[in-house]
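Asker: Fold the stuff below for me.
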Amino acid sequence: MDKKEQAQNTTKEATGITFTWPTATGSKTFKLGKVTVIFCALFFFACFSGVVAGGLYWYSSLQERQELANYREEYGVYTERLQKLIDDNEKMQKELAQVAALEAAVRKKLAQDGDGVAKGEIDKESQNLDKAGQGSNKTVDKLDVLEVQDEIMVKRLAYKKENLFNMLNELNNVGDGSYIWPLDGGEISSYFGYRVNPFGGGGDYHPGLDIAENYGTPIKASNSGVVEMADWNGGYGRYVRINHGGGLETAYGHMSAIVAQVGQVVKKGDVIGYVGNSGASTGPHVHFEVLQNGEQVNPLDYAVPRKIK
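Answerer: Numbering: from 1, shown residues only. Here you go, the predicted model:
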């Protein structure tokens with residue numbers, strides 16, 4: 001056997017394993033005892049088993065984390081859907097109260113006028129509203145059913161409210177098409193459209209006019225109509241909205257006190273509240289809006305200032 005073959009030779013002996021390789025002066029031999037060989041084999045087997053077990057655990061843990069993430073995502077979606085239903089339900093409770101007030105006002109007016117045909121139409125609309133959401137078979141679970149019923153109810157409420165407003169306006173011959181300034185004076189502190197945000201943070205879109213005036217100054221209805229909302233309304237603070245028929249509404253925000261009531265028929269110039277600083281406001285003023293088919297438009301296209309300081 002030459003040196004090259006000897007260098008590549010590995011011999012097994014009863015006492016273990018011997019490795020021999022050539023050197024410049026001859027050869028060197030390295031011997032592993034039987035116990036050492038067994039220990040090394042067991043050690044490497046344990047390491048290999050640990051790596052495999054660790055890999056399996058990591059893979060299993062990864063699957064569990066993914067399943068947990070998917071569950072959390074689904075749970076978040078259902079939570080959002082449920083929260084929307086809860087919010088819609090709260091809004092509908094207010095809408096139902098407004099509808100009840102409007103119905104009472106219409107019935108009172110009809111009783112005075114003796115119009116039984118129109119009264120029958122109101123009763124029919126009430127029955128239709130009570131049936132809202134029934135008979136749907138396009139859903140697969142209870143939450144879907146609730147969402148469909150919620151959508152139907154919202155649409156029916158909006159439809160019925162608009163009909164009642166139009167009927168009440170027609171019965172009372174309100175809304176002559178001309179609008180007056182909601183204050184006897186005042187100074188326009190912020191115009192309709194884009195402006196510098198008074199609370200900082202760049203520009204924003206202002207959907208109405210801000211008319212600055214002394215705290216407690218009477219605010220008057222810009223035109224005759226039916227009070228649609230008279231309550232706290234988020235950043236608007238104490239807020240009144242009047243339906244004038246024909247898709248036109250006016251809104252008044254940041255009041256210190258509200259005089260008007262939902263369902264009340266007001267005449268042009270009637271006091272509906274008083275100038276204040278409620279809600280997101282930087283000083284006493286009235287935020288005045290005109291809405292056409294639900295969209296804010298420039299109030300100066302409808303109302304002309306009476307006196308400007």
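
Asker: Give the other helices and strands that the longest helix seen in the chain contacts.
Answerer: Looking across the chain with DSSP state H, the single longest helix is helix 34-113. Packing partners of helix 34-113 (3 or more CB pairs under 8 Å, 6 or more residues apart in numbering; DSSP states H and E): strand 16-23, helix 116-130, helix 142-172, strand 225-232. In this view, the C-beta of every residue, glycine as well, is placed from N, C-alpha and C.

Asker: what mean pLDDT would you report for that helix?
Answerer: Mean per-residue pLDDT for helix 34-113: 74.

Asker: How many residues are close by E64?
Answerer: If you count neighbours by other CB atoms under 10 Å, E64 ends up with 10.

Asker: for T36, same thing?
Answerer: So T36, with other CB under 10 Å, has 12 neighbours.

Asker: Least reliable of the helices and strands packed on helix 34-113 by average pLDDT, please.
Answerer: helix 116-130 (a mean of 52).

Asker: report the angle between the axes of the longest helix of the chain and strand 225-232?
Answerer: Helix 34-113 and strand 225-232 are oriented at 140 degrees to each other (axes from the mean of the first three to the mean of the last three CA atoms, to 10 degrees).

Asker: Could you pull up the residues touching the nearest residue to D270 once chain neighbours are set aside?
Answerer: Spatial nearest neighbour of D270, chain neighbours left out: A221 (4.9 Å); criterion: CB to CB, 6 or more residues apart in numbering. A221 sits next to 182, 242, 250, 260, 266-270, 272 when contact means CB atoms under 8 Å, 6 or more residues apart in numbering.

Asker: Nearest residue to the middle of this structure?
Answerer: K84 (7.4 Å; CA atoms, centre = their mean).

Asker: quick one: that one and Y236, what's the gap?
Answerer: From K84 across to Y236, the span is 22 Å (CB to CB, to the nearest Å).

Asker: swap in M229?
Answerer: 10 Å.
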